[in-house]
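Colleague: Please work out how this folds:
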Amino acid sequence: EVVKLDVKYPQGAEKQLVDSLLSRQVPPGGLPYDVGALVQNVATCFAIYEAVYKEKPLIERYVTLAGDCLKNPGVYLLRIGALVSDIAEAAGGFKKEPGKIIFGGPMMGIAQSSLDTPVIKGTSGILFLSKDFTKEHKEYSCIKCARCVDSCPMNLLPVKIAHFVKHKKMDLLQEYNITDCIECGCCQYLCPSRIPLVDFIKLGKNYLKNKK
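Modeller: This next block holds a predicted model:
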């Protein structure tokens, strides 16, 4: 059955899709299969089809190239391992000097340090943004406005988790369900104090991962 959903962010995340489509809430620390659901995106399903029916390994994928720097943005079929520098050249080159190159979207993407970064199996989009869209902001003290709490789709306390990471109180991270964070960026986007909440949360999740 094809279901049309309202456009809202971050509804594309699997736990939000399960809630929207089936009215089932995945428990904290749980996965969709805990409530009888399995979520797969279109690219994964297509890759499975090609692997089973065509015996073709995953050597390429469709990637969206966007931003205000590229001459010819669009959706391209790229080989896994292709370098960003070669990709940009094949897309007509730059009309503006990139201030930041991001793998993923503007909210959840990860900035890259070099044009020699390769496309990997999980790359779905690459943003080439000029300095007009990548201004640096000064961080201020938390004003206890609770915007980050109100905006969190996972009902977490982002500023509290970030505080624990910042002050090395790592033993409290699991108690506050840090692993449930989907890194959507809503909290950081709405923070009037410009606190890099998602960055702190990522650090905390990496700490727990390496601890295991």
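Colleague: Next, the buried residues of the longest helix seen in the chain.
Modeller: Once the chain is assigned using DSSP state H, the helix that runs over the most residues is helix 197-211. Judged by neighbour count using 16 or more other CB atoms under 10 Å, the buried positions of helix 197-211 are Leu197, Val198, Phe200, Ile201, Lys202, Gly204, Lys205. Every C-beta, even on glycine, is put in place using the N, C-alpha and C of the backbone.
Colleague: Over to stretch 75-93?
Modeller: Within stretch 75-93, judged by 16+ other CB under 10 Å, the buried ones are Tyr76, Leu78, Ala82, Val84, Ile87, Ala88, Ala91.
Colleague: quick one: which of these is nearest Leu115?
Modeller: For the buried residues of stretch 75-93, the closest approach to Leu115 (CB to CB) belongs to Val84, at 4.9 Å.
Colleague: quick one: pLDDT of the closest one?
Modeller: Val84 is assigned 96 on the pLDDT scale.
Colleague: my read: it touches Gln112, true?
Modeller: Yes: if you go by CB atoms under 8 Å, Val84 and Gln112 touch, sitting 6.9 Å apart.
Colleague: Check whether the residue positioned nearest the centre of the chain sits in a helix, strand or coil.
Modeller: Most central residue of the chain, judged by C-alpha distance to the mean C-alpha position with CA atoms, centre = their mean, is Met108 at 3.0 Å. Three-state secondary structure (criterion: DSSP: H, G, I helix; E, B strand; the rest coil) places Met108 in coil.
Colleague: Now do the phi/psi pair for it.
Modeller: Backbone dihedrals for Met108, given as degrees, to the nearest 10, come out at phi -110, psi 0.
Colleague: Distance of it relative to Tyr189?
Modeller: Here Met108 is placed at a distance of 11 Å from Tyr189 (CB to CB, to the nearest Å).
Colleague: all strands of the protein, in order?
Modeller: Listed in chain order, the strands of the chain (DSSP state E) span residues 60-66, 74-79, 100-103, 110-112, 125-129.
Colleague: deepest of these, which one?
Modeller: Most buried of those, by mean neighbour count (mean count of other CB atoms under 10 Å): strand 125-129, with a mean of 23.
Colleague: okay, that strand in PDB with CA atoms only?
Modeller: What follows is the C-alpha trace of strand 125-129 in PDB, where atoms were taken according to Å, rounded to 0.1, in the frame of the first residue of the first chain:
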ATOM      1  CA  GLY A 125      23.900  13.300  -1.100                       C
ATOM      2  CA  ILE A 126      26.800  15.800  -1.200                       C
ATOM      3  CA  LEU A 127      26.300  19.500  -0.500                       C
ATOM      4  CA  PHE A 128      28.700  22.100  -1.900                       C
ATOM      5  CA  LEU A 129      28.000  25.300   0.100                       C
END
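Colleague: Could you number the chain from 45 rather than 1 from now on?
Modeller: Fine by me, first position is 45 from now on; the one you just mentioned is strand 169-173.
Colleague: Kindly calculate the angle that it makes with strand 104-110.
Modeller: 30 degrees (axes from the mean of the first three to the mean of the last three CA atoms, to 10 degrees).
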